[in-house]
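1. Return atomic coordinates for the entry below.
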Amino acid sequence: MICLRIMHGFIAGALITFAASTFAGGPLVVCYQLATKYPGAGNVSLNYDQGTLGSRTKEQADALVTEAVSLWTNVATSTVMLSRGPDLSVDVTSSNYLAYLYNFSDGLNPVIYDTDGSIIDSMFGVGAKNSVLGFAGSAWNNNGTQCEYKEGRAVINGYISVSDTTMKVVLAHETGHLIGLDHSQLDNSQGLVNSNYPLMYPIAYRGLTLSTKTTLPQSVPFTPPQQ
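-> Numbers count the residues shown, from 1 in each chain. Predicted structure coming up:
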């Protein structure tokens with residue numbers, strides 16, 4: 001049996017550039033009392049959309065995706081490897097997105113550029129494109145004894161005009177969902193100021209400048225540090 005959990009969209013907020021540790025949320029999916037993750041070391045090949053992302057050209061959008069996903073690949077204790085595979089063959093729009101969002105056997109992990117926000121409106125209701133920056137998730141296979149992620153997908157909203165820094169935060173956040181991370185709830189309740197909220201916090205309050213101290217849950221393949 002193949003299942004899919006789409007994490008509801010990252011919500012626009014105030015972005016402030018800062019340097020701080022990144023604390024991810026817990027696992028997005030728990031199955032048989034274990035965090036669901038991609039098999040083996042966690043190699044995921046992403047397939048970029050052929051279209052534009054709002055005012056950005058495809059080439060500009062592609063560059064932002066590549067830079068943002070490197071955040072996860074560069075975590076020293078993680079073995080997850082995100083790479084760029086062949087691009088999708090089409091511009092994914094509200095007229096054809098279902099063929100890519102809900103196809104779990106095509107070997108693709110699409111990063112979809114919702115250039116006008118129409119896909120987000122279609123999924124979350126009219127007007128959602130005004131506040132939802134993106135959403136992502138992965139389909140997983142349940143064989144009765146364990147679960148493993150099979151394919152992922154991410155949809156990024158190009159309708160809202162944001163800076164490149166903000167867009168990279170969105171992309172990094174949604175990539176976190178794609179590899180199996182839930183939202184983090186660390187916020188001012190724990191004494192954090194807005195600018196120190198974690199990358200996986202559900203509202204965008206931060207920039208992309210990070211320290212090398214990154215905490216990942218068991219949903220991401222990792223190599224324990226040497227003692």
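2. I figured Met81 hits Gly42, correct?
-> Yes: if you go by CB atoms under 8 Å, Met81 and Gly42 touch, sitting 6.7 Å apart. (C-beta placed from N, C-alpha, C; glycine too.)
3. So between the two, which is more surrounded?
-> Gly42 (21 against 15; other CB atoms under 10 Å).
4. Low-confidence bits of the protein, can you list those?
-> 1-30, 41, 78, 182-227 (pLDDT under 70).
5. mind listing what Gly85 touches?
-> Contact analysis of Gly85 by CB atoms under 8 Å, 6 or more residues apart in numbering lists Ser45, Leu46, Asn47, Leu108, Asn109.
6. For it, give its distance to Thr79.
-> Distance of Gly85 to Thr79, given as CB to CB, to the nearest Å: 18 Å.
7. Show the residue spans covered by the helices in this structure.
-> 58-73, 98-101, 118-124, 164-178 (DSSP state H).
8. Quick check: which of those is buried the most?
-> helix 164-178 (a mean of 24; mean count of other CB atoms under 10 Å).
9. Kindly format the C-alpha coordinates of that helix as PDB.
-> C-alpha atoms of helix 164-178 as PDB (Å, rounded to 0.1, in the frame of the first residue of the first chain):
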ATOM      1  CA  ASP A 164      15.700  35.500  -3.200                       C
ATOM      2  CA  THR A 165      16.700  35.000   0.500                       C
ATOM      3  CA  THR A 166      13.000  34.400   1.400                       C
ATOM      4  CA  MET A 167      12.500  32.100  -1.500                       C
ATOM      5  CA  LYS A 168      15.600  30.000  -0.500                       C
ATOM      6  CA  VAL A 169      14.100  29.700   3.000                       C
ATOM      7  CA  VAL A 170      10.900  28.500   1.500                       C
ATOM      8  CA  LEU A 171      12.700  26.000  -0.700                       C
ATOM      9  CA  ALA A 172      14.900  24.700   2.200                       C
ATOM     10  CA  HIS A 173      11.800  24.400   4.400                       C
ATOM     11  CA  GLU A 174       9.800  22.400   1.900                       C
ATOM     12  CA  THR A 175      12.800  20.200   1.100                       C
ATOM     13  CA  GLY A 176      12.900  19.400   4.800                       C
ATOM     14  CA  HIS A 177       9.300  18.100   4.500                       C
ATOM     15  CA  LEU A 178      10.200  16.100   1.400                       C
END
